[in-house]
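Trainee: build me a model:
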Amino acid sequence: GAGILGLKLTSAAIQWTALLDGAGMLGPEYTVKGVQKFMTDKDWRSYVLRQFPEIRERIGGESAIRELENGNTFKKIQRAGFVPLVFIDQMAAGSIAIGAYERKMIELGREIDFTKPPDPEALAYAQLVVRRTQSSGLFKDVPLAVSRGELTGNRSLDRAILQFQNFLLTRWSRVRYDAVQVGVRQRDPKSSINVFFWIFLASLAATGTRIATYRVTDFISGRDRDDTLGEHSAGVAELDDS
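Mentor: Numbers count the residues shown, from 1 in each chain. The predicted model follows:
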């Protein structure tokens, strides 16, 4: 089970789309700047991974992954299996954190100094943006539907239904609070449209990435998912005829 979850190519591949969720709150300009600096600037990358607690502690953005890793005999094997997913998740979260931190420091008119601890106000803003858009596996950030069973009233049932759905719940939170409560109720349609647009774009990108990943794996393995689906459909038709 750990191998299937950790080494599943599509899970890691679509993780980059979380950058679009971040852009919905941070803006595309600072999102691009964050990605560029995280990927090419060692000083920025080291600073964020060392000095931003919530970035340093990230494990794939899912509480379920954290549970699989902790307290298990095969912990090292499981951790290795989740390396691709964790790396891409950390890249996305780190990029958004950098963009948010830089944006806030510019707004405050303060200089960024890697030799000093992060500015408390800018750090709080950066981690807020990450928490609101990138999901989190930290216990304090786990949605109440998972941690307390607020969806159906049964905690075990909710955890079963919503396993590995932290990002879905985070997007729903953005819709419910940022788009509806803040945008609609405060008569700010521009804000609501922005939230819906970026969530739609992220969902579309995730679907496209998943399909592209399937095509690549089918090409490598020689498998044709369309033919498989066709065979299943034909089998169902034959049963109906009989």
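
Trainee: gap between residue 185 and residue 177?
Mentor: Plainly put, residue 185 is 10 Å away from residue 177 if you go by Cβ to Cβ, to the nearest Å. (C-beta placed from N, C-alpha, C; glycine too.)

Trainee: where does this structure have its least confident helix or strand?
Mentor: When each helix and strand of the chain is scored by mean pLDDT, DSSP states H and E, helix 225-241 comes last, with a mean of 48.

Trainee: longest helix of the protein?
Mentor: helix 189-221 (DSSP state H).

Trainee: can you give me the mean pLDDT across it?
Mentor: Taken as a whole, helix 189-221 has a mean pLDDT of 81.

Trainee: who are the packing partners of it?
Mentor: Packing partners of helix 189-221 (3 or more Cβ pairs under 8 Å, 6 or more residues apart in numbering; DSSP states H and E): helix 9-13, helix 18-26, helix 166-173.

Trainee: give me the element residue 93 is part of.
Mentor: helix 83-108 (DSSP states H and E).

Trainee: buried set for that helix?
Mentor: Buried positions in helix 83-108, judged by neighbour count with 16 or more other Cβ atoms under 10 Å: 84-86, 88-105.

Trainee: for stretch 173-186, same thing?
Mentor: Residues of stretch 173-186 classed as buried: 174, 175, 178, 179, 183 (neighbour count, 16+ other Cβ under 10 Å).

Trainee: make JSON lines out of the residues you listed and add pLDDT, secondary structure and distance to residue 195.
Mentor: As requested, the buried residues of stretch 173-186 are exported to JSON lines (pLDDT from 0 to 100; DSSP: H, G, I helix; E, B strand; the rest coil; distance: Cβ to Cβ, whole Å):
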{"residue": "174", "pLDDT": "82", "secondary structure": "helix", "distance to residue 195": "6"}
{"residue": "175", "pLDDT": "82", "secondary structure": "helix", "distance to residue 195": "7"}
{"residue": "178", "pLDDT": "80", "secondary structure": "helix", "distance to residue 195": "5"}
{"residue": "179", "pLDDT": "78", "secondary structure": "helix", "distance to residue 195": "4"}
{"residue": "183", "pLDDT": "67", "secondary structure": "helix", "distance to residue 195": "7"}
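
Trainee: with distance to residue 126 added, can I get these in TSV?
Mentor: Formatted as TSV, the buried residues of stretch 173-186 follow (distance: Cβ to Cβ, whole Å):
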residue	distance to residue 126
174	17
175	23
178	17
179	22
183	23
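
Trainee: looking at the residues you listed, which one is closest to residue 21?
Mentor: Checking these against residue 21 with Cβ to Cβ, the nearest one is residue 174 at 7.5 Å.

Trainee: how near is that closest one to residue 116?
Mentor: For residue 174 relative to residue 116 (Cβ to Cβ), the value is 33 Å.

Trainee: now swap in residue 21 and tell me
Mentor: From residue 21 over to residue 116 the distance is 30 Å, taken as Cβ to Cβ.

Trainee: what number of residues lie near residue 212?
Mentor: Neighbours of residue 212 under the rule other Cβ atoms under 10 Å: 13.
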